[in-house]
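*Asks:* quick one: sequence plus predicted model below, questions after.
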Amino acid sequence: MHRGVSERDIKSARNTVDIVEVVRRADGATLTEVAQEIDLARSTVHDYLQTLLGMEYLVKEGDEYHVSLKFLDLGHHSKLSRTAWRQVRPALEEIGDETGEHVWFVVEEYGTAVYVDSYSGSRVLSMFNAPGTREHLHCIAAGKAILAHLPTERVDQIVDRHGLPAHTERTITDRDGLHEELEQVRADEVAFCDGEWRDEIRAVASPVVRGDDVIGAVTFGAPRRRLSETDFYEDLPKLVSGAVNRLELSFRKDATQ
């Protein structure tokens, strides 16, 4: 049974989603390839694929099925309706233009970090993630910034569900250690990731709080070789937290108008 799936879930709906995910992960798959991944008869898999094709959620190129751009519309709708990315965008641009590096707006959903929107400075050659990418919260700066502003009970629920897997030797893997770091994040209003997600990546993040709710985090990340100790521990925290503070001030002004 899949994570988060109960006995009351409708099996056909679950099969549909599983098939779409197989096609997505494979970046295109034939009927035979999908059937090898799904515990259903080949004829049944064919029926699912044809139904998704008819509803335009898949496209077919030769023998391969691909996820259609209809999902782009769904994703964009979710981004517009469920995140504050438009309000946050100026803060991303401010940091990206100042540093030349990559900046992300990250939110929490189902206990994972979701990369929503980004801005690339002039020094960026490639992105570490793509919009919609999900990561564990405990091993990235944005995730720790968000966790630090969630109730302790919610943090423990997330850890119970997703665990604290090690991504590198530096990753926090025990609950007490995580809570200690989150306490420091609350005090500093900034979170660090020093090779905890990938050995070569350093990141700084500041939580974005609107009213009493943390709605996400703005995070800056770059290869270790491009960041001095002063950059990482002094200059960048001031830059990121300063941009977020101005963003939160705009929220408060909007609320009083």
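*Replies:* Nice, I can see it. Numbering: from 1, shown residues only.
*Asks:* domains in the protein, by residue range?
*Replies:* For the chain, automatic domain parsing gives the domain ranges 11-69, 83-256.
*Asks:* and among these, the most buried is which?
*Replies:* domain 83-256 (a mean of 18; mean count of other CB atoms under 10 Å). From N, CA and C alone the C-beta is placed, and that goes for glycine too.
*Asks:* how long is that domain end to end?
*Replies:* Terminal residues of domain 83-256 lie 21 Å apart, using CA to CA, to the nearest Å.
*Asks:* show me where the stretch 101-250 of the chain has its strands.
*Replies:* Assigned by DSSP state E, counting those that start in this stretch, the stretch 101-250 of the chain shows strands spanning 102-109, 112-120, 134-135, 191-194, 201-210, 213-223.
*Asks:* per-residue confidence at the closest residue to residue 150 other than its chain neighbours?
*Replies:* Of all residues not flanking residue 150 in the chain, residue 214 sits nearest, at 6.6 Å (CB to CB, 6 or more residues apart in numbering). For residue 214, the model assigns a pLDDT of 96.
*Asks:* thinking residue 214 is in contact with residue 205, fair?
*Replies:* No: counting by CB atoms under 8 Å, residue 214 does not reach residue 205; the two are 11.5 Å apart.
*Asks:* let me have the domains of the chain in CSV, extended by distance to residue 77.
*Replies:* Below are the domains of the chain laid out as CSV (distance: least, CB to CB, whole Å):
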stretch, distance to residue 77
domain 11-69, 13
domain 83-256, 11
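*Asks:* which of those domains has the lowest mean pLDDT?
*Replies:* Of all these, the minimum mean pLDDT falls on domain 83-256 (a mean of 93).
*Asks:* list the contacts of the residue nearest to residue 40 when sequence neighbours are not counted.
*Replies:* Using CB to CB, 6+ apart and skipping residues adjacent in sequence, the residue nearest residue 40 is residue 15, 6.4 Å away. By CB atoms under 8 Å, 6 or more residues apart in numbering, the contact set of residue 15 is 38, 40, 48.
*Asks:* middle-most residue in this protein, spatially?
*Replies:* residue 114 (1.9 Å; CA atoms, centre = their mean).
*Asks:* tell me, what's touching residue 214 and residue 205 both at once?
*Replies:* Joint contacts of residue 214 and residue 205 (CB under 8 Å, 6+ apart) are residue 145.
*Asks:* just to revisit the earlier point, in contact with the residue nearest to the centre of the chain, which residues?
*Replies:* The contact partners of residue 114, by CB under 8 Å, 6+ apart, come to 106, 107, 108, 132, 133, 134.
*Asks:* mind doing that once more with 7 Å?
*Replies:* Shown in contact with residue 114 (CB atoms under 7 Å, 6 or more residues apart in numbering): 106, 107, 132, 134.
*Asks:* let me know the closest of those residues to residue 220.
*Replies:* Nearest to residue 220, judged by CB to CB, of these is residue 106 at 11.3 Å.
*Asks:* what bridges to the closest one?
*Replies:* On the basis of DSSP bridges, residue 106 is bridged to residue 115, residue 217.
*Asks:* got a list of what it touches?
*Replies:* Residues near residue 106 by CB under 7 Å, 6+ apart: 113, 114, 115, 116, 142, 216, 217, 219.
*Asks:* just flag the most distant two among those residues.
*Replies:* 114 and 219 (12.3 Å).
*Asks:* kindly provide the distance from the residue nearest to residue 64 when sequence neighbours are not counted to residue 46.
*Replies:* Among residues not flanking residue 64 along the chain, residue 28 sits closest, at 4.2 Å (CB to CB, 6+ apart). Remark: distance between residue 28 and residue 46 (CB to CB, to the nearest Å) = 17 Å.
*Asks:* do the same with residue 77
*Replies:* 30 Å.
*Asks:* kindly reformat the contacts of residue 15 as TSV containing distance to residue 249 and secondary structure.
*Replies:* As requested, the contacts of residue 15 are exported to TSV (distance: CB to CB, whole Å; DSSP: H, G, I helix; E, B strand; the rest coil):
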residue	distance to residue 249	secondary structure
38	51	coil
40	54	coil
48	51	helix
